[in-house]
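Chemist: pasting the structure only:
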């Protein structure tokens, strides 16, 4: 094991199998806190490679709660968080829009990381239970077209390193890991990241984890969402290759809005914002969700251009389909109780 540590310290990337060895040693408590800390800092200084993300994600998935089955075309649009933007729950709202467009959404989520309330907080405010069994999650995904997977209950092994991450007080490979370890074998993924320097490596990782198509995005101001304040950078994985592109709000048909225009608040306030968007009430929040859901439709392969994706998103909202997904989720959850 020490030779693998030395490899990282010399600035060399670990292979997938080497990172799997390291990951198993971490979660099987074969390493001291000091060894884990040194490794995490070494990886951070070196820069995390796709093989390292893939290897660690595979170990985490192996130790997570297995799901039973997944509909064809299942997708997630979870982001890393960690951008300190205090935005409203963009990806959570966009998930209902994508589901309204007919895409099965297995939305991975957690409590607040970069928002004032995380997806778990806003869902509880909406009356949606988080700690449900794999059987119930499967049922909701099939019957409502959308289900939310609360990461801490599905990945208990992550608790083994939480105290180390808190002590280090700096983003590490584990901050990138959350969106990569959805318990379902996803076909498609839209993933936001605060780590703009890891766009391509993250997109490669999603391909190595079996995604058919995926888009990784890094928004203006370091946000893990596309926004209307400036340029969004994207990396698209498809057919074994990664391509990059960037766009400004004007190119997507929107006027610029500063990040202060999409700041959220408490779970109750963010719930009100989510409901207003799903009801089609014009606002900067509404346009931001259209933009992100549009990228989601692109990631799913449903459309080829962002303009067409935004049109799909608007149709999902204005037809009432997105709001209906929320209603169906609440109804089906009550039926399954």
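Modeler: Right, received. Where do you want to start? No experiment lies behind these values; they were computed from the predicted model shown. Numbering: from 1, shown residues only.

Chemist: same for the helix or strand of the chain with the lowest mean pLDDT, what does it pack against?
Modeler: Least confident element among the helices and strands of the chain, by mean pLDDT, DSSP states H and E: helix 151-154 (a mean of 80). Using 3 or more C-beta pairs under 8 Å, 6 or more residues apart in numbering; DSSP states H and E, no helix or strand is in contact with helix 151-154. Just so you know, the C-beta spots here come from the backbone N, C-alpha and C atoms, and that holds for glycine as well.

Chemist: ok, and for it, which residues are buried?
Modeler: Going by neighbour count (16 or more other C-beta atoms under 10 Å), the buried part of helix 151-154 is 151, 154.

Chemist: what's in contact with it?
Modeler: Contacts with helix 151-154, where a contact means C-beta atoms under 8 Å, 6 or more residues apart in numbering, come from 64-65, 108-110, 130-131, 158-159, 178, 181, 183.

Chemist: whichever of these end up buried, select them in PyMOL.
Modeler: Of the contacts of helix 151-154, the buried ones can be selected in PyMOL as follows, counting by 16+ other C-beta under 10 Å:
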select buried, resi 64+108+109+110+130+158+178+181+183
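
Chemist: now the contacts of helix 151-154 in CSV, with secondary structure?
Modeler: Putting those into CSV (DSSP: H, G, I helix; E, B strand; the rest coil) gives the following:
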residue, secondary structure
64, coil
65, coil
108, strand
109, strand
110, coil
130, coil
131, coil
158, helix
159, helix
178, helix
181, coil
183, coil
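
Chemist: all helices of the stretch 101-250 of the chain, in order?
Modeler: Ranges of helices within the stretch 101-250 of the chain are 119-125, 134-144, 151-154, 162-168, 173-177, 199-208, based on DSSP state H, counting those that start in this stretch.

Chemist: list the buried residues in the first one.
Modeler: Buried residues in helix 119-125, counted by 16+ other C-beta under 10 Å: 119-123, 125.

Chemist: what's the answer for stretch 243-261, then?
Modeler: For stretch 243-261, a neighbour-count test (16+ other C-beta under 10 Å) marks 249, 252, 254, 257, 259, 261 as buried.
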